[in-house]
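Peer 1: Show me how the following folds:
(chains A and B)
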Protein chains: 2
Amino acid sequence: MKIDARIYVADALGEGAEIRLDEREAHHLRDVRRLQKGDGAAVFNGRDGEWSATIVDLGKRGARLSVGERRRDPAAEPDLWLIFAPIKRARIDSLVEKATELGVAVLQPVETQHTAVDRVNLDRLRLIATEAAEQCERLTVPEVRPPLAFDRLLAGWPAPRHLVLCAEAGPATPIAEALLAHRGDAGPWAAMTGPEGGFARSELDALGKLPFVIPVGLGPRILRADTAVLAALACWQAVLGDGRRRPPHRPSA
Amino acid sequence: MKIDARIYVADALGEGAEIRLDEREAHHLRDVRRLQKGDGAAVFNGRDGEWSATIVDLGKRGARLSVGERRRDPAAEPDLWLIFAPIKRARIDSLVEKATELGVAVLQPVETQHTAVDRVNLDRLRLIATEAAEQCERLTVPEVRPPLAFDRLLAGWPAPRHLVLCAEAGPATPIAEALLAHRGDAGPWAAMTGPEGGFARSELDALGKLPFVIPVGLGPRILRADTAVLAALACWQAVLGDGRRRPPHRPSA
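Peer 2: Numbers count the residues shown, from 1 in each chain, chains lettered A, B, ... in the order given. From the prediction side, this is the model:
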């Protein structure tokens, strides 16, 4: 069966299941992705793996897909959270897209003292994360959580989870060395970067006292917040994550 | 002296030197960066390190800076080229910015069979690279070279230079393993990714036969071309580049 699109759906998947999409989703398939009745799709819901499906109806009010056979077994991404201070629109969109491609499980915005952006459009970020997951062959969509204040985030931190802190100032271990020292430790992890203005002194002091925080250096250049995030995530996946795995085989188009 | 901006200049730098900027550069300082006569700057030219300077004249027709003392000694970036197939505008701009932050020495566009973008605005990319270098505390600006056809690039390849090839299909070594196997090999390197459509079969066959090519895997997700570039550069700097160095100390603002 020819696969014309990968589509994230909410419903349970299984052979013979029928998936119903609402007006908004149908509009997206029809007018953005240029799909039509009869097209083949690969569908996933974050729980049941990936299944083939056929678009049996695609109208203005909604769409229906008929599910065929399973194409891939369920698989979770590594247990890696990204904690990030919101940045301005084009950059936050790109950050969410790329963090999704780089396999984060959770995107957690955090409000710090120097955070310049005070409204985060969670719906937009969730849409971007969903589209990036569809595009990059993930079987899950990262969870985009509502923003948390810095103090509350740390007060409620689930303690065994390591926190890789991208630190431009102060003592830090070079990231390769820090991650290689934890090889084999696939336990829960998170990576965190500050806002464009950096962390406040009091925030850095608070972070420095926490036993789960691992301050890492990313070299001699001052990276923008979004670049630092991507660098840290890429290194983490390469050393501790699923960097040894390969993409699922696809017949070339 | 208070430093209000970092500015890349072409002229030679030395104590007491006078730097002249043309109309376009003066406009940029005045109307984009909001600088004025009397402001302090840190200037660099890619050769002489970084020097303090004072803006002694800033008008519509040009600007003059008076150079003070040396702030940082000259230092080159690691000898890492990025070979990339041009992608559409917003993404190529972001790629050039982030590759500059991640310390590449040379940006080399390459025309492959599936490259969808056939015009590259080198002036715009050079401006983006310059601004990113100013922002990230680099002492050099990466060289943005004119595009080369795939076959010509490989035919003229300077052979001792390793080429890390981001490969979604075919045999590849996980990137961490591939780079760790070359630890201590600071010799010349390059990283390469294909266009959004991937490399053509014949291109992959040609690359597979070249002794300097090291195909690496970046995990199970299909990364966009720009994401793959950033992931490979970040891992390279962390393992083989200057990831152990720290940013120059700056008194906090």
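
Peer 1: make it CA atoms for all contacts and neighbour counts henceforth
Peer 2: Will do.

Peer 1: wait, A:G194 sits on A:F84?
Peer 2: Yes. The pair A:G194 / A:F84 is scored as a contact, 6.4 Å apart, by Cα atoms under 8 Å.

Peer 1: Tell me which of these two has more neighbours.
Peer 2: A:G194 (30 against 24; other Cα atoms under 10 Å in any protein chain shown).

Peer 1: ok, now which ones touch the residue nearest in space to the middle of chain A?
Peer 2: For chain A, A:T100 is the residue whose C-alpha lies nearest the centre (Cα atoms, centre = their mean; 3.0 Å). A:T100 is in contact with A:129, A:132-133, A:141-142, counting by Cα atoms under 8 Å, 6 or more residues apart in numbering or on different chains.

Peer 1: rerun at 10 Å
Peer 2: A:82, A:94, A:106-107, A:128-136, A:138, A:140-143, B:221, B:223 (Cα atoms under 10 Å, 6 or more residues apart in numbering or on different chains).

Peer 1: go on, A:A206?
Peer 2: Here A:A206 is in contact with A:151, A:154, A:200 (Cα under 10 Å, 6+ apart).

Peer 1: Helices - which of the contacts of A:T100 land there?
Peer 2: Residues of those located in helices (DSSP state H): A:94, A:128-136.

Peer 1: Now the two most distant members of the residues you listed.
Peer 2: Spanning the widest gap among the ones in helices among the contacts of A:T100 are A:S94 and A:E134, at 15.5 Å by Cα to Cα.

Peer 1: neighbour-wise, which of those two wins?
Peer 2: Counted by other Cα under 10 Å, A:S94 and A:E134 do not tie: A:E134 has more neighbours, with 22 against 18.

Peer 1: For the more buried one, give its distance to chain B.
Peer 2: Going from A:E134 to chain B by Cα to the nearest Cα, to the nearest Å gives 10 Å.

Peer 1: ditto for A:Q108
Peer 2: Taken as Cα to the nearest Cα, the span from A:Q108 to chain B is 20 Å.

Peer 1: Let me see the contact set for that residue.
Peer 2: Neighbours of A:Q108 in contact, by Cα under 10 Å, 6+ apart: A:81-86, A:143-148, A:153, A:190, A:192.

Peer 1: Among those residues, name the buried ones.
Peer 2: A:81-86, A:143-144, A:147-148, A:153, A:190, A:192 (16 or more other Cα atoms under 10 Å in any protein chain shown).

Peer 1: out of the residues you listed, which are inside strands?
Peer 2: A:81-84, A:143-144, A:148, A:190, A:192 (DSSP state E).

Peer 1: How many neighbouring residues does A:R183 have?
Peer 2: 11.

Peer 1: That one: what secondary structure?
Peer 2: When classified by DSSP: H, G, I helix; E, B strand; the rest coil, A:R183 comes out as coil.

Peer 1: I'd like the ones in strands among the buried ones among the contacts of A:Q108 written out as CSV, with pLDDT added.
Peer 2: Putting those into CSV (pLDDT from 0 to 100) gives the following:
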residue, pLDDT
A:W81, 98
A:L82, 98
A:I83, 98
A:F84, 96
A:E143, 98
A:V144, 98
A:L148, 96
A:A190, 98
A:M192, 97
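
Peer 1: coming back round to it: filter the contacts of A:T100 down to the buried ones, ChimeraX style.
Peer 2: Those of the contacts of A:T100 that count as buried under 16+ other Cα under 10 Å are selected in ChimeraX with:
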select /A:82,94,106,107,128,129,130,131,132,133,134,135,136,138,140,141,142,143 /B:221,223
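
Peer 1: For the ones in strands among the buried ones among the contacts of A:Q108, work out which two are farthest apart.
Peer 2: Taking Cα to Cα, no two of those sit farther apart than A:E143 and A:M192, at 16.0 Å.

Peer 1: Provide a list of residues in contact with A:G198.
Peer 2: Contacts of A:G198 by Cα under 10 Å, 6+ apart are A:85, A:112-115, A:167-169, A:204, A:224-225.

Peer 1: mind redoing it with 7 Å?
Peer 2: Shown in contact with A:G198 (Cα atoms under 7 Å, 6 or more residues apart in numbering or on different chains): A:H114.

Peer 1: Roughly how far does it sit from chain B?
Peer 2: 10 Å.

Peer 1: same deal with A:L230?
Peer 2: 7 Å.

Peer 1: which SSE is that residue in?
Peer 2: Taking DSSP states H and E as the criterion, A:L230 maps to helix A:225-239.

Peer 1: Extract the C-alpha trace of that helix and format it as CSV.
Peer 2: The C-alpha coordinates for helix A:225-239 follow below in CSV (Å, rounded to 0.1, in the frame of the first residue of the first chain):
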residue,chain,number,x,y,z
ALA,A,225,19.2,29.8,23.9
ASP,A,226,17.7,27.8,21.1
THR,A,227,21.1,26.8,19.8
ALA,A,228,22.2,25.7,23.2
VAL,A,229,19.1,23.5,23.6
LEU,A,230,19.7,21.7,20.3
ALA,A,231,23.4,21.2,21.0
ALA,A,232,22.7,19.7,24.4
LEU,A,233,19.8,17.4,23.2
ALA,A,234,21.9,16.2,20.2
CYS,A,235,24.9,15.3,22.4
TRP,A,236,22.6,13.6,25.0
GLN,A,237,20.9,11.4,22.4
ALA,A,238,24.3,10.5,20.9
VAL,A,239,25.9,9.5,24.1
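
Peer 1: What segments of the stretch 1-150 of chain A are helices?
Peer 2: Assignment of helices within the stretch 1-150 of chain A using DSSP state H, counting those that start in this stretch yields the ranges A:23-27, A:89-101, A:122-136, A:150-155.

Peer 1: Next, format the ones you listed as TSV and append mean pLDDT.
Peer 2: Output for those, formatted as TSV (pLDDT from 0 to 100):
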stretch	mean pLDDT
helix A:23-27	94
helix A:89-101	95
helix A:122-136	97
helix A:150-155	96
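
Peer 1: can you list these in TSV and add distance to B:R33?
Peer 2: Shown next, in TSV, are the helices of the stretch 1-150 of chain A (distance: least, Cα to Cα, whole Å):
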stretch	distance to B:R33
helix A:23-27	43
helix A:89-101	20
helix A:122-136	31
helix A:150-155	31
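
Peer 1: For A:A232, find the nearest of those.
Peer 2: helix A:89-101 (10.2 Å).

Peer 1: What residues sit buried inside that closest one?
Peer 2: Applying a neighbour-count criterion of 16+ other Cα under 10 Å, one finds A:91-101 buried in helix A:89-101.

Peer 1: what does the domain assignment say about chain A?
Peer 2: Annotated domains of chain A cover A:5-72, A:80-239 [automatic domain parsing].

Peer 1: Turn these into JSON lines, columns for distance to B:G241.
Peer 2: JSON lines is the format used below for the domains of chain A (distance: least, Cα to Cα, whole Å):
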{"stretch": "domain A:5-72", "distance to B:G241": "37"}
{"stretch": "domain A:80-239", "distance to B:G241": "8"}
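
Peer 1: which one of the ones you listed lies closest to B:P174?
Peer 2: domain A:80-239 (7.4 Å).

Peer 1: Can you get me the start-to-end distance on the closest one?
Peer 2: 13 Å (Cα to Cα, to the nearest Å).

Peer 1: Off-centre distance for it?
Peer 2: Counting by Cα atoms, centre = their mean, to the nearest Å, domain A:80-239 is centred 11 Å from the centre of its parent chain.
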